[in-house]
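**Student:** sequence unknown, structure follows:
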């Protein structure tokens, strides 16, 4: 059943471009709701939500931090997310489990590149949003321009509920368009106390025009407001708030506020907006999944007495404890309870339940539907796993991850560092789904792959700081391949006396090229009564070994067809060793005569860039020996698909950001091995 407790919950996240003021806003929310008794400042490295040493040193948010606070009877579970594109997985997995979000925008810059990215991530998960135009006290602040950029770049429909009372160094407070009152904050209380005043005369006309614009904007997205607007009637305050709530939950309108988090102004109206206009867990569509055995679709409405259904959205290991962050969609959870993980096929017991406040924890005796909590005691669960009742299994939609786009080769400095590195890499990879660790079989390098240079830099610093594993980092080597462009028939002979015994073998091999990506093949063409038939397995193994290192550059040979046409044996002299050497000689010599070619990895590139930068991006891709295959228009952005050599794509993330003012994104995926043009025989 639906309980008043569920109706009071707001699961929200704060999303924005880096340096828009997300963490500063979160600190004010915690202070004004009584969750903390002292404001921490990001620039002093004292923000409660930026608790990692890396965050405090750099002044940026790296990992999503969870906390809970209360405002006028609403229980707000709040996640402060990173703004840097390299840590976009933190935003992705947070939005996956949230019911609402606050988009924070700089009043000077308006909608910035990463703001677009995280806003569209929220759209993909159909998360209702509020907007907060921050930094109204900054030189160059322009509230109306920032709102216009929301319409233009995000396709949003702002419902402006507060307008600034002055701006830049004259910013005094805000004008509430619902109550038609001016709000001014007392500086000596750090903004905790504010008073309502009549709107100053010089702002009366602007406020009335803004109120009329709000009325029109609301009428466009809500039927009740439309009927009243056409009848030239005025809705009572509570009915108007209900109309705003309906439009926000239906993703038709975005209630928009303004203020200055650093100057402690404009935060309380935003808190009222969280309570009044963002949905509770009962107002969003029930989470759906499928039965692990039958595949039948199932839904889990938010009910305390329903079957348990939860999603693990983050793993964090610290102080030798493994925390599993979960969002409970249905049912209740208690310490000691057994839960089933249908993704891993294991049943585990919850040791402890914790409510989180950044890196601080409070034990809980019970958690129910709608809650965001951490579990201790789970060893198998990873990001995106479903946790459910053993007798009512369900698998929820997993969390999307991202393919890493940049790699670094790392190596430990000493033997002690080598021993620490393995467990350390396993732990950071477990916490971060966008990080990948591979050992390249061809070069022997450990490759650390991530979302960007800052991402990998932070990971390396963590390995050194938390695990005392000192590393050298460099650029990974591109692994090339070799193949042939022509066909030959080659005979290999081995006839030699070794240790007083004569060894003889002779093989005739046909060697020819295969299509790219087709792989190597070996075909024996000997008749069934051929005397060399017993040596065919040895010959096949020798062919494989010979192709492991090409004859020209020593790179593995690929896409080569080898056929055994004939073989000669001598009674008492033919040995396995002789056939192995004769075969390898024939393969090496044959490939040298069959127009050997060097191949390099060719990557499938997908670039999303604003329309105005399309020409520069395509020109740069061509300069990197890339080939554009497709250009698609997707609203204000263009999707460019093409192929490019991996060797030309190092450092591309930085170059793309430079070309597109930071607004371009791309993905790289291996496509095939292609000829290296500079060495290709014409």
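**Tutor:** Received it, and whenever you're ready, just let me know what you need. On a predicted model such as this, the values are computed, not experimentally measured, just so you know.
**Student:** For the rest of this, base every contact and every neighbour count on C-alpha atoms.
**Tutor:** Noted.
**Student:** which stretches of the stretch 501-650 of the chain form strands?
**Tutor:** 501-513, 521-524, 560-568, 596-610, 627-634, 637-645 (DSSP state E, counting those that start in this stretch).
**Student:** Just tell me which of those strands ends up closest to residue 662.
**Tutor:** strand 596-610 (9.4 Å; Cα to Cα).
**Student:** now that closest one, how far from the centre of its chain.
**Tutor:** Strand 596-610 has its C-alpha centroid displaced from the chain centroid by 22 Å (Cα atoms, centre = their mean, to the nearest Å).
**Student:** still on that earlier bit, make CSV from the strands of the stretch 501-650 of the chain and add mean neighbour count and mean pLDDT to it.
**Tutor:** Output for the strands of the stretch 501-650 of the chain, formatted as CSV (neighbours: other Cα atoms under 10 Å; pLDDT from 0 to 100):
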stretch, mean neighbour count, mean pLDDT
strand 501-513, 21, 93
strand 521-524, 16, 93
strand 560-568, 20, 93
strand 596-610, 22, 84
strand 627-634, 13, 84
strand 637-645, 20, 86
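**Student:** out of the ones you listed, which comes closest to residue 672?
**Tutor:** Nearest of the strands of the stretch 501-650 of the chain (Cα to Cα): strand 596-610, 5.4 Å.
**Student:** other SSEs contacting that closest one?
**Tutor:** Applying 3 or more Cα pairs under 8 Å, 6 or more residues apart in numbering; DSSP states H and E, one finds that strand 596-610 contacts strand 481-484, strand 637-645, strand 665-675.
**Student:** where do the helices sit along the stretch 151-300 of the chain?
**Tutor:** Ranges of helices within the stretch 151-300 of the chain are 201-221, 223-230, 237-249, 267-277, based on DSSP state H, counting those that start in this stretch.
**Student:** Can you mark which positions in the first one are buried?
**Tutor:** With burial defined by 16 or more other Cα atoms under 10 Å, the residues of helix 201-221 counted as buried are 207, 210-211, 214-221.
**Student:** That one vs helix 223-230, what angle?
**Tutor:** Per axes from the mean of the first three to the mean of the last three Cα atoms, to 10 degrees, the angle that helix 201-221 makes with helix 223-230 is 120 degrees.
**Student:** How far does helix 201-221 sit from its chain's centre?
**Tutor:** The chain centre lies 39 Å from the centre of helix 201-221; the measure is Cα atoms, centre = their mean.
**Student:** Ok, stretch 487-506 next?
**Tutor:** Here the centre of stretch 487-506 is set off from its chain's centre by 57 Å, with Cα atoms, centre = their mean.
**Student:** Need the distance between the two termini of it.
**Tutor:** One end of stretch 487-506 sits 20 Å from the other (Cα to Cα, to the nearest Å).
**Student:** Give me the contact list for it.
**Tutor:** Contacts to stretch 487-506, defined as Cα atoms under 8 Å, 6 or more residues apart in numbering, come from residues 507-513, 567-570, 573-575, 577-579, 581-587, 589-590, 593-594.
**Student:** Also stretch 380-398?
**Tutor:** 287-292, 298, 307-315, 324, 338-344, 346-347, 399, 430-431, 433.
**Student:** Distance-wise, check residue 677 relative to residue 625.
**Tutor:** Distance, residue 677 to residue 625, using Cα to Cα: 9 Å.
**Student:** backbone phi and psi for the residue sitting furthest away from the middle of the chain, please?
**Tutor:** In the chain, counting by Cα atoms, centre = their mean, residue 500 sits farthest out from the average C-alpha position, at 66.1 Å. The phi and psi torsions at residue 500 (degrees, to the nearest 10) take the values phi 80, psi 10.
**Student:** quick one: least confident helix or strand in the chain?
**Tutor:** Least confident helix or strand of the chain, by mean pLDDT, DSSP states H and E, is helix 53-58 with a mean of 46.
**Student:** which element follows that one toward the C-terminus?
**Tutor:** Sequence-wise, the next helix or strand downstream of helix 53-58 (DSSP states H and E) is strand 65-71.
**Student:** Next, the angle helix 267-277 makes with that following strand.
**Tutor:** 90 degrees.
**Student:** now for strand 65-71, which elements pack on it?
**Tutor:** Here strand 65-71 touches strand 74-80, helix 267-277, strand 352-357, going by 3+ Cα pairs under 8 Å, 6+ apart.
**Student:** wait, which of the ones you listed is closest to residue 547?
**Tutor:** Short answer: strand 74-80, nearest of these by Cα to Cα, at 52.9 Å.
**Student:** which residues sit against the closest one?
**Tutor:** Residues from elsewhere that reach strand 74-80 (Cα under 8 Å, 6+ apart): 8-15, 22-23, 26, 49, 64-70, 94, 275, 371-372.
**Student:** and those, which are buried?
**Tutor:** Neighbour-count burial (16+ other Cα under 10 Å) applied to the contacts of strand 74-80 gives 8-15, 22-23, 26, 49, 64-70, 94, 275, 371-372.
**Student:** and the closest residue in space to residue 367 that isn't next to it in sequence, how far is that from residue 6?
**Tutor:** Among residues not flanking residue 367 along the chain, residue 333 sits closest, at 5.2 Å (Cα to Cα, 6 or more residues apart in numbering). Distance of residue 333 to residue 6, given as Cα to Cα: 15 Å.
**Student:** so residue 176 makes contact with residue 182?
**Tutor:** Yes. Contact criterion Cα atoms under 8 Å: residue 176 and residue 182 qualify, at 6.1 Å.
**Student:** tell me the contacts of residue 571?
**Tutor:** Residue 571 sits next to no residue when contact means Cα under 8 Å, 6+ apart.
**Student:** Adjust the sequence numbering to begin at 52 for everything that follows.
**Tutor:** Got it, first residue is 52 now, which makes that one residue 622.
**Student:** and it, how far is that from residue 553?
**Tutor:** In this structure, residue 622 and residue 553 are 11 Å apart, going by Cα to Cα.
**Student:** what about stretch 674-692, start to end distance?
**Tutor:** 15 Å.
**Student:** shaky segments in the stretch 452-601 of the chain?
**Tutor:** Within the stretch 452-601 of the chain, the stretches with pLDDT under 70 are 452-457, 491-495, 502-504, 526-530.
**Student:** ok, 50 please
**Tutor:** Scanning the stretch 452-601 of the chain for pLDDT under 50 picks out no residues.
**Student:** mind checking which of the helices and strands packed on strand 116-122 is nearest residue 712?
**Tutor:** With Cα to Cα as the criterion, residue 712 lies closest to strand 125-131 of the helices and strands packed on strand 116-122, at 25.0 Å.
**Student:** Name every strand pairing with that closest one and say which way it goes.
**Tutor:** Using DSSP bridges, the strands paired with strand 125-131 are strand 60-67 (parallel), strand 116-122 (antiparallel).
**Student:** Could you export those to JSON lines, including columns for mean pLDDT and distance to residue 192?
**Tutor:** Putting the strands paired with strand 125-131 into JSON lines (pLDDT from 0 to 100; distance: least, Cα to Cα, whole Å) gives the following:
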{"stretch": "strand 60-67", "mean pLDDT": "89", "distance to residue 192": "17"}
{"stretch": "strand 116-122", "mean pLDDT": "84", "distance to residue 192": "29"}
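**Student:** how about the ones you listed, which one is nearest residue 296?
**Tutor:** Nearest of these to residue 296, taken as Cα to Cα: strand 60-67 at 13.3 Å.
**Student:** All set now, cheers.
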